[in-house]
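Q: Sequence below, structure please.
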Amino acid sequence: MSTATMLSPEILAKYQPVIGLEVHVQLLTASKAFCGCVNKYGGDPNTHVCPTCLGLPGALPVLNRRAVEFAVLAAKAINCEIRETSVFSRKNYFYPDSPKGYQISQFDKPIAEKGWIDIPAGSGKDGATKRIGVTRLHMEEDAGKSIHDGFADSISKTYIDLNRCGTPLVEIVSEPDLRTADEVFEYLTKLKEILLYTGVSDCNMEEGSLRCDANVSVMLKGAAEYGTKAEVKNVNSFRYIRSAVEYEIERQIGVIEDGGRVIQESRLWNNAEGRTYSMRSKEQAHDYRYFPEPDLPPLVVGAAWQAEILKSMPELPEARRARMIAEYDISAQDAATFTNTIAFADQFEAAAKRAKSPRRVASLLTSEITMRLRLSGLELDQSPVSLDGIVLAADLAESGELSSKMLKQLFDTCFAESKDFPAIYDRDKPRQISDTDAIETMIDEVIAANPKQVDQYRGGKKTVAAFFVGNVMRVSKGQANPALLNELVTKKLDALGPL
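A: The predicted structure is shown next:
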């Protein structure tokens, strides 16, 4: 990352960053917020529009019921309280991509307030969490899009596409509880995960379905008041947001250390240069001249409607992780990996229910398969080994028919030939040695060749048994039945008696 001033750790340690986030989330409804136009990314410019989108005289808004239901789902998923009666307002501003000259939003009476999201605290390895407050979630419509490049005359002209105008949004405003860029990253990651589980949005940052503004300020540690904040707007990836926040923290500290004053403003992140640039002075609420939207009545979401909406609430990530840990006896780390997406969680659970040992399925997924995917530059959905193949491999390992060495060899072949495990296993099925006499003969040879280790075992050092197991496994080329081998090694050594 390119930093603002490369300040010393001692100077940085004098200050406390304070960060709050405003996250705009496009809702995955079929039509727009206040009209019947299709709510779909792309299309020829200015084709998904109507008189209501365009703000033509006499065109009246009609609220999308599904957007309300999605807003309630999102709000409850982040632990907000639903306001039974909320009010839409006009937020007045004059940009070329806002044809009405105002945005229908919510101001003093939003649909939801007082929520929270728990994020990992510190390294997160000990399970500690930090609670980040959510001030409010409110509904609003999106603006159009100004296009500054891609045309022959883009240097002198800006083009406007109003297809996005009127898309239903929720804006989720956090409390200023975040203190580091890493906490910002964790909060956004957790928020996106929750929203994806609810199905209210696809959260595709490249298409603008999820956009984030970060309000960043710094103050001397121990100070009673927050410093002046700058807003970093519309950064299009979580990684860039983390870099932008890190830069902005150092920039503001550098300004103060140089005797200057931080200005309240909006700033844009330039990823190529690794820095923020001033965009404009930051608007205050009174600059927007909010007043109640005269063409929409108050929105009433009573207890009965809320209950009906919440019937469609899925099992959320944290609850699913806890259940999977208890039900399948897997680790917290594995549960977190498998619940990254609903699809992955569903696939794992389907496999775990069919397998003799869900824990072994988890182990193969997170070790053997993940490692090979990483080395091959593949994603999970590109793996040549299907979950059915992993279930077969796990069952064979659980029954003792395949040793870990055999599994590794078979998985290597699967990835080398891009074939699934069942096909490779049927073709190259290794012969596991389960004949007691054959294994005992190998054990006797290893014992005879290693008298020093024999004496160590007889002297009470029982862990030396692993030495003999490993050597017999090498002699058998990994084909000795592991369970039988361990049993026979212990039996043979114990029969020699103590020294």
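
Q: Now do the helices in the stretch 251-400 of the chain.
A: 303-310, 317-328, 332-338, 342-354, 358-363, 370-376, 387-398 (DSSP state H, counting those that start in this stretch).

Q: Kindly spell out which helices and strands sit in contact with the longest one.
A: Counting by 3 or more Cβ pairs under 8 Å, 6 or more residues apart in numbering; DSSP states H and E, the packing neighbours recorded for helix 342-354 are helix 317-328, helix 332-338, helix 358-363, helix 387-398. C-betas here are computed from N, CA, C, even on glycine.

Q: Could you list the residues in contact with it?
A: 196-197, 314, 320, 324, 328, 338-339, 358, 361-362, 365, 380, 387-388, 390-391 (Cβ atoms under 8 Å, 6 or more residues apart in numbering).

Q: try the second one
A: By Cβ under 8 Å, 6+ apart, the list of residues contacting helix 317-328 from outside reads 118, 193-194, 197, 315, 330-332, 335-336, 338-339, 345, 348-349, 352, 358-359, 362.

Q: cutoff 6 Å now
A: The contact list for helix 317-328 (Cβ atoms under 6 Å, 6 or more residues apart in numbering) reads Glu193, Tyr197, Ala335, Thr339, Ala352, Pro358.

Q: For it, C-alpha coordinates in CSV please.
A: Taking Å, rounded to 0.1, in the frame of the first residue of the first chain, the C-alpha atoms of helix 317-328 are listed here in CSV:
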residue,chain,number,x,y,z
PRO,A,317,-24.3,-17.9,8.8
GLU,A,318,-23.5,-17.7,12.6
ALA,A,319,-26.4,-20.0,13.5
ARG,A,320,-25.5,-22.4,10.7
ARG,A,321,-21.9,-22.6,11.8
ALA,A,322,-22.9,-23.4,15.4
ARG,A,323,-25.3,-26.1,14.2
MET,A,324,-22.8,-27.7,11.8
ILE,A,325,-20.1,-27.8,14.5
ALA,A,326,-22.5,-29.6,16.8
GLU,A,327,-24.1,-31.9,14.2
TYR,A,328,-21.0,-32.9,12.2
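
Q: shaky segments in the chain?
A: 1-5, 123-125, 153-154, 282-286 (pLDDT under 70).

Q: Got the domain ranges for it?
A: Under the assignment automatic domain parsing, the domains of the chain span 9-307, 317-428, 436-495.

Q: Any chance of those domains in CSV with mean neighbour count as columns?
A: Shown next, in CSV, are the domains of the chain (neighbours: other Cβ atoms under 10 Å):
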stretch, mean neighbour count
domain 9-307, 17
domain 317-428, 17
domain 436-495, 16
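
Q: Can you pull up the most central residue in the chain?
A: Thr189 (4.2 Å; Cα atoms, centre = their mean).

Q: how far is the strand or helix carrying that one from where the chain is centred?
A: Element membership for Thr189, per DSSP states H and E: helix 181-198. Helix 181-198 sits 6 Å away from the centroid of its parent chain (Cα atoms, centre = their mean, to the nearest Å).

Q: quick one: contacts for the closest residue to Thr180 other than its chain neighbours?
A: Excluding the flanking residues, the one nearest Thr180 by Cβ to Cβ, 6 or more residues apart in numbering is Pro17, at 6.7 Å. Listed by Cβ under 6 Å, 6+ apart, the contact set of Pro17 reads Arg179, Val218, Ile249.

Q: Restricting to C-alpha, output stretch 146-162 in PDB.
A: The C-alpha trace of stretch 146-162 is given here as PDB (Å, rounded to 0.1, in the frame of the first residue of the first chain):
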ATOM      1  CA  SER A 146     -22.500   9.400 -15.400                       C
ATOM      2  CA  ILE A 147     -20.100   7.900 -17.900                       C
ATOM      3  CA  HIS A 148     -16.900   9.900 -18.300                       C
ATOM      4  CA  ASP A 149     -14.900   7.600 -20.700                       C
ATOM      5  CA  GLY A 150     -15.400   5.000 -23.400                       C
ATOM      6  CA  PHE A 151     -16.400   7.500 -26.100                       C
ATOM      7  CA  ALA A 152     -14.400   9.400 -28.700                       C
ATOM      8  CA  ASP A 153     -15.400  12.700 -27.200                       C
ATOM      9  CA  SER A 154     -15.300  11.700 -23.500                       C
ATOM     10  CA  ILE A 155     -12.600  14.300 -22.800                       C
ATOM     11  CA  SER A 156     -15.100  17.100 -23.400                       C
ATOM     12  CA  LYS A 157     -18.400  15.300 -22.700                       C
ATOM     13  CA  THR A 158     -20.100  13.300 -20.000                       C
ATOM     14  CA  TYR A 159     -22.800  10.800 -21.000                       C
ATOM     15  CA  ILE A 160     -25.800   9.800 -18.800                       C
ATOM     16  CA  ASP A 161     -27.400   6.400 -18.600                       C
ATOM     17  CA  LEU A 162     -30.600   6.400 -16.500                       C
END
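
Q: hmm, who's touching that stretch?
A: Pro45, Asn46, Val49, Pro96, Asp97, Gly144, Lys145.

Q: now the residues you listed in TSV, with distance to Arg458 and secondary structure?
A: Converted to TSV, the contacts of stretch 146-162 look like this (distance: Cβ to Cβ, whole Å; DSSP: H, G, I helix; E, B strand; the rest coil):
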residue	distance to Arg458	secondary structure
Pro45	85	coil
Asn46	88	coil
Val49	87	coil
Pro96	88	coil
Asp97	84	coil
Gly144	84	coil
Lys145	80	strand
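
Q: Report the two of the residues you listed separated the most.
A: The distance between the two most remote of these (Cβ to Cβ) is 14.8 Å, for Val49 and Pro96.

Q: quick one: Trp305 from Ser281, how far?
A: Shown here: Trp305 relative to Ser281, a distance of 41 Å by Cβ to Cβ, to the nearest Å.

Q: same check, this time on Gln106
A: The value you get for Gln106 to Ser281, if Cβ to Cβ is used, is 24 Å.

Q: ok, back up a step: will you turn the helices of the stretch 251-400 of the chain into CSV that also has distance to Arg289?
A: Output for those, formatted as CSV (distance: least, Cβ to Cβ, whole Å):
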stretch, distance to Arg289
helix 303-310, 32
helix 317-328, 40
helix 332-338, 46
helix 342-354, 42
helix 358-363, 56
helix 370-376, 54
helix 387-398, 56
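
Q: Can you say which of the ones you listed is nearest to Tyr457?
A: The nearest among these, by Cβ to Cβ, is helix 387-398 at 27.6 Å.

Q: quick one: contacts of the closest one?
A: Here helix 387-398 has contacts from 347, 351, 354-357, 360-361, 364, 402, 407, 420-422, using Cβ under 6 Å, 6+ apart.
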